[in-house]
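>>> got a predicted model here, sequence first, then my questions.
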Amino acid sequence: MDDLKDIIRDIPDFPKKGIIFKDITTLLQDAKSYQKMVDLLSHRYIGKRIDKVVGVEARGFIIGSALAYKLGAGIVLVRKPGKLPSETFSKTYELEYGTDTLEIHKDAIKPGERILIADDLLATGGTMEAVVDMVQSMGGEIVECCFMAELDFLNGRNRLPKGKVFSLLTF
């Protein structure tokens, strides 16, 4: 895994001073690294009967779409308000400084469907906690929340269902 970790570059003071941003674009643009990451994540879920993968805007679309393809599952998009064309269910949640809102199509998940939620990075867990709430309120059964990487010092997994979080890489 160190080869994947090493390819992700650090951008100091982005998006604001004091933050070291983990830039995954370096991994995504390297074909062998991207393929290895997708293969490693997807192998975890082969045989788990995943009905749909939920990808969280925007980098979660990259991870989620690849996983859905490999698993023979559908892909569901969770987006910022006003981006989905049909009737939506929305969830407003707390951020470090203010609030944000996410939306999902009301007909995207049927009760009892087995759902894998995918995103690129788990940090504080607020966004993923909101997505989990949306999926569960629609009747979806969460198999797991998976991430390419996790900033474990921020303890974001503590906000998510116990035992249902997997991160390929940790920082």
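Yep, that arrived. Residues are numbered from 1 along each chain as shown.

>>> now the strands for the chain?
Along the chain, the stretches classed as strands by DSSP state E are 9-12, 20-23, 52-56, 74-78, 88-95, 98-105, 114-122, 141-150, 165-170.

>>> paired strands for the first one, with orientation please.
Strand 9-12 has the following strand partners under DSSP bridges: strand 20-23 (antiparallel).

>>> one more: the longest one?
Strands flanking strand 141-150 in the sheet, each with its direction: strand 114-122 (parallel), strand 165-170 (parallel) (DSSP bridges).

>>> looking at those, which is buried most?
Greatest average neighbour count among the strands paired with strand 141-150 goes to strand 114-122 (a mean of 25), per mean count of other Cβ atoms under 10 Å. No exception for glycine: its C-beta is placed from N, CA and C like everyone else's.

>>> helices and strands around the longest helix anywhere in the chain, which ones?
In the chain, with assignment by DSSP state H, the single longest helix is helix 31-45. Applying 3 or more Cβ pairs under 8 Å, 6 or more residues apart in numbering; DSSP states H and E, we find helix 31-45 packed against helix 2-7, helix 25-28, helix 59-71, strand 141-150, strand 165-170.

>>> list the buried residues in it.
For helix 31-45, burial by neighbour count (16 or more other Cβ atoms under 10 Å) applies to Ser33, Tyr34, Lys36, Met37, Val38, Leu41, Ser42, Tyr45.

>>> identify the residues contacting the fourth one.
Met37 makes contacts with Leu4, Leu27, Met148, Leu168, as judged by Cβ atoms under 8 Å, 6 or more residues apart in numbering.

>>> now render these as CSV, adding pLDDT and distance to Leu84.
Listed next are the contacts of Met37 as CSV, based on pLDDT from 0 to 100; distance: Cβ to Cβ, whole Å:
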residue, pLDDT, distance to Leu84
Leu4, 97, 32
Leu27, 97, 28
Met148, 98, 24
Leu168, 98, 28
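
>>> one step back: which one of the strands paired with strand 141-150 lies nearest to Ile50?
When these are compared by Cβ to Cβ, strand 114-122 sits nearest Ile50, at 4.8 Å.

>>> between that closest one and helix 59-71, how many degrees?
On the basis of axes from the mean of the first three to the mean of the last three Cα atoms, to 10 degrees, strand 114-122 is oriented at 140 degrees to helix 59-71.

>>> now do strand 114-122, average pLDDT.
Strand 114-122 carries an average pLDDT of 98.

>>> grab the most central residue of this protein for me.
For the chain, Asp119 is the residue whose C-alpha lies nearest the centre (Cα atoms, centre = their mean; 1.7 Å).
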